[in-house]
Every structure is written in C-alpha cells, then in structure tokens.
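>>> Prediction below, plus the sequence it came from.
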Amino acid sequence: MQRLRNAADLDTAVHNLCKSVTAMARIAAVSGEIPLRLRPGGFEGLAEVVVGQLISKQAAAAIFARLKAACPLLTAETFLALSPQTRAGLGLTRAKQASLETVAQAVMHGSLDLDRLADQPSETAIAELTAHRGIGPWTAEVYLMFSAGHIDIFPAGDLALRAAAAHAFGLATRPEQKVLRAHAEDWRPYRAVAARILWAYYATVMKKEVLPVG
C-alpha cells in the first residue's frame, strides 16, 4: 500500500493528482504550501486526535500539552499509570477520558495493534479503529492520514473541508458529508492529498487555520 512518508512523497502525489484533476490543480495553485504534517503514530498520535475532537485547535493544543507534561513518554502503559486524579485534571471531557482509557487498555491487552494497523488497507484499519469506544470515522481517518501516512483517505465529515469545498467549487452551502465523500471518489488514489490541498486553501484563501493536527 502506498503511503506518504516525507515531503518528496507529498510533492509527487500533489503533482500526480493535479495532473489528472484540473479543478484540483486550480485550487492548489492558489493554496500556497501544502502541509504534510506527519505526526507520531501509536497511542500518542491517536490520543492527540481524540483530544482534538469537536474543540478549537487552541483548546486541543492546551489540553494535549498538559497531557504531555504529565506523561512525557506517552504510551498506553504510561497513560494508564497516571492517577485517576491526574487524568481527571487534564481538561478532558469524561467521554474523551473514557475513550483514551478504553483505547489504552485495548493496546495493552493486544486487541488493538496500532503499528500493525498502519500497514493495513485503509478500509480495514478504519473498521478496526471505529470498533473502539469514542473512535468515530473522523478520528480514525485523521489518525491514519497524519500518523500512518495513508494516502487515499478523505475525512468528509470535517467541517473545514466541507467549507473549503463549498468556497473552492462555488457552492451556495457546505456540501453534506455523503455528497462530499462521493465527490472525493474523483480524487482517488490521492484523496488524502486532496484533503491537504483543501485545508491549505482554507488557510490561505479563506484565512482560517484548522488543520486537525500539528
């Protein structure tokens, strides 16, 4: 399975996508630098995405910084070794704290192997991730994009992607998730690259910064 591992891989993929999809070439041309933003994998990478669910980037960064301060080497084992009081004081919602505890236990017990998952086909990996409490499609897709380098994933539920697509394609309203996901089929096998281009468009043209990680 092809994966994005470095800036050169991304440059090649952007070139290939824009060569085959004229509309995406037009969007990329005004979007400035296309971000790679690969993040750590494993429990730390997944924890960062969970922390960022449904809150501002600034709030997520502050909470994740507290988590890293409490647990500099962030693994399933070290997270579960934190006292209940420490975990409760990180600023996580109860739902997110419960989700991280469930995921950490699954990693420790071997029912969730994040290293192995990184090499699985995207559909298989998403299905395995979303079987765990608090891990929905957006969380699974963003984790696999930025922590495992999956190249053909498109988190159509992301509000910024929907807004960017509406603006870039001249739509009156943000497309519904299922509509945008269907449209993204035209961007295979580089849907994660198309998502990065649209996030860059959102930042450069629409003057907003909401990339889910980093």
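Structure received. All values reported here derive from a predicted model rather than from experimental measurement.
>>> for the spatially closest residue to Thr204 that is not a sequence neighbour, helix, strand, or coil?
Spatial nearest neighbour of Thr204, chain neighbours left out: Gly32 (4.2 Å); criterion: Cβ to Cβ, 6 or more residues apart in numbering. Just so you know, the C-beta spots here come from the backbone N, C-alpha and C atoms, and that holds for glycine as well. With DSSP: H, G, I helix; E, B strand; the rest coil as the basis, the three-state label of Gly32 is coil.
>>> So that it lines up with my notes, have the first residue be 33 from now on.
Sure, I'll start counting at 33 from here, so that last one is Gly64.
>>> was I right about Gly64 contacting Ala232?
Yes: assessed by Cβ atoms under 8 Å, Gly64 is found in contact with Ala232 at 5.9 Å.
>>> more crowded one of the two?
Ala232 (21 against 12; other Cβ atoms under 10 Å).
>>> Per-residue pLDDT of Pro244, please?
Looking at Pro244, its pLDDT stands at 65.
>>> List the contacts of the longest helix along the chain.
Determined from DSSP state H, the single longest helix within the chain is helix 126-141. Contact with helix 126-141 is made by 75, 78-79, 82-83, 85, 108-109, 111-112, 119-120, 122, 124, 144-146, 164-167, as judged by Cβ atoms under 8 Å, 6 or more residues apart in numbering.
>>> Which of those residues fall in helices?
Secondary structure defined by DSSP H assigns Phe75, Leu78, Ala79, Val82, Val83, Ala108, Glu109, Phe111, Leu112, Arg119, Ala120, Leu146 of these to helices.
>>> Out of the residues you listed, grab the one that's most surrounded.
Ranked by the number of neighbours (other Cβ under 10 Å), the ones in helices among the contacts of helix 126-141 place Leu78 first, at 30 neighbours.
>>> May I have the residues that are in contact with that residue?
Val135, Leu146, Leu161, Ile167, Thr171, Tyr175, Ser179.
>>> How much space separates the fifth one from Arg148?
Meaning Thr171. For Thr171, the distance to Arg148 equals 18 Å [Cβ to Cβ, to the nearest Å].
>>> okay, those two: which has more neighbours?
Thr171 (23 against 10).
>>> With adjacent residues omitted, what lies nearest to the more buried one?
Distance criterion Cβ to Cβ, 6+ apart; nearest residue to Thr171, sequence neighbours excluded, is Val81 at 5.2 Å.
>>> In terms of pLDDT, where does the one you found sit?
For Val81, the model assigns a pLDDT of 94.
>>> Also the one 4 residues further on?
According to the prediction, Gln85 has pLDDT 90.
>>> Likewise for the one 5 residues further on?
Looking at Gln90, its pLDDT stands at 86.
>>> Dihedrals phi and psi, it?
Per-residue torsions, Gln90: phi -70, psi -40 (degrees, to the nearest 10).
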